[in-house]
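Enquirer: Here you go, sequence then predicted model.
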Amino acid sequence: MKKSPIFSKLLYFINAVFATVLLLSYLLPYISPKSIATFAILSLGVPFLIVINVIFFVYWLIKLKKHFILSGLILAIGWLFASPFYKFSERKVLLNDDVKVMSYNVHLFNYYKWNKDEQTSQKIVDFIAEKSPDILAIQEFYKQTDLSLSYPYKYIKLKSKRNKFGSAIFSKYPIINSGSLNFEKSANNAIFVDVLKNEDTLRVYNVHLQSLKINPNKENFGEENSEKLLLRLKNTFREQAKQTEQFLAHEQQWKGKKIICGDFNNTAYSWVYNQIVKDKKDAFVEAGSGFGKTYNYPFPARIDFILTDKSTQINQSKTFAVNYSDHFPILARVNWEK
């Protein structure tokens, strides 16, 4: 049965709405959540908007309708100016003097039994041992006596003496300096170490920005609770902005070689990512492939990152789809041009 012109007009109107919102979302990296927090929430939905516009583009193209131009044009603008949603090719150059860096939010090593597999914590440790990164940054670390990561050097910053959770950096290279930024009124934090590799000193940050605390399986999206959720998200994005400014004030004082690992709790289309990635390289953008999905959710969301200074050669970027946490571990091989 041939679809009526009214149906096509309605579908194109819906297409136009999604295309316009996607176009507006390209402004997100330039607007601080401290000024318009509500707008910042849209950054979480950018991957969804891209997929919807791809579907419309393909639909109209198959129907041989010129309507495909709308979504096609806006997707092309994003391809040219926004962070890539999908990478078709990867870089893989394995050099003996590469530094293998892993960032992994381990979800407290399954301490509260989110995963019913009793061996989850040990599987995380075994996985790390198998990949054997030279530098390992862990978010949502939980100190347990029955788990052992075999590294000669480490810096662990727990929330307090009573609380055994926090952030950690493990290293095969000597740690000659370390510290914590101590985000105020937050369970999240940013820590750093200076490691000595041959005659080079590398600054390594482990950044865990304010958590969104969203569970799509448990959230009640009724009117009253939706308002509470939006308010919570707005407050979270404001906190992320403050934490980002605190981190950048500290990070910009270091003029040497650097690696920034972390769970930003926001996408590559956000203001916080745009601020932190300035004058740096994103390992996924430089050497990754596919969606780069790092959050264990049906929709492709990249919220975990490994960034380096501009002088770095990134030889590999890989995401491992292992279901031991609500995040996937990411690993990059980096080197510095002589």
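Expert: Yep, that arrived.
Enquirer: And the strands in the stretch 151-300 of the chain?
Expert: All strands of the stretch 151-300 of the chain, identified by DSSP state E, counting those that start in this stretch, fall at 153-158, 165-171, 175-180, 189-197, 200-208, 257-263, 280-282.
Enquirer: can you tell which of these is closest to residue 130?
Expert: strand 165-171 (14.9 Å; CB to CB). Just so you know, the C-beta spots here come from the backbone N, C-alpha and C atoms, and that holds for glycine as well.
Enquirer: tell me the mean pLDDT over that closest one?
Expert: On average, the pLDDT along strand 165-171 is 96.
Enquirer: Need the residues that contact that strand.
Expert: By CB atoms under 8 Å, 6 or more residues apart in numbering, the surrounding residues in contact with strand 165-171 are 108, 134-143, 149, 151-159, 175, 178, 187, 189-193, 195, 204, 206, 208.
Enquirer: cutoff 6 Å now
Expert: Contact with strand 165-171 is made by 108, 135-139, 141-142, 149, 151, 153-159, 189, 191, 193, 195, 204, 206, 208, as judged by CB atoms under 6 Å, 6 or more residues apart in numbering.
Enquirer: Could you identify the buried members of those?
Expert: The neighbour-count test (16 or more other CB atoms under 10 Å) marks 108, 135-139, 141-142, 151, 153, 155, 157-158, 189, 191, 193, 195, 204, 206, 208 as buried among the contacts of strand 165-171.
Enquirer: Let's have the strands of the stretch 151-300 of the chain in TSV, adding distance to residue 335.
Expert: Below are the strands of the stretch 151-300 of the chain laid out as TSV (distance: least, CB to CB, whole Å):
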stretch	distance to residue 335
strand 153-158	21
strand 165-171	17
strand 175-180	20
strand 189-197	11
strand 200-208	11
strand 257-263	11
strand 280-282	12
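Enquirer: nearest to residue 68, of these?
Expert: That would be strand 280-282 among those, by CB to CB, at 30.3 Å.
Enquirer: Within the sheet, what are the partner strands of the closest one, with directions?
Expert: Strand 280-282 has its sheet partners listed here by DSSP bridges as strand 304-309 (antiparallel).
Enquirer: Give me the angle between the partner strand and strand 257-263.
Expert: Computed by axes from the mean of the first three to the mean of the last three CA atoms, to 10 degrees, the angle separating strand 304-309 from strand 257-263 equals 170 degrees.
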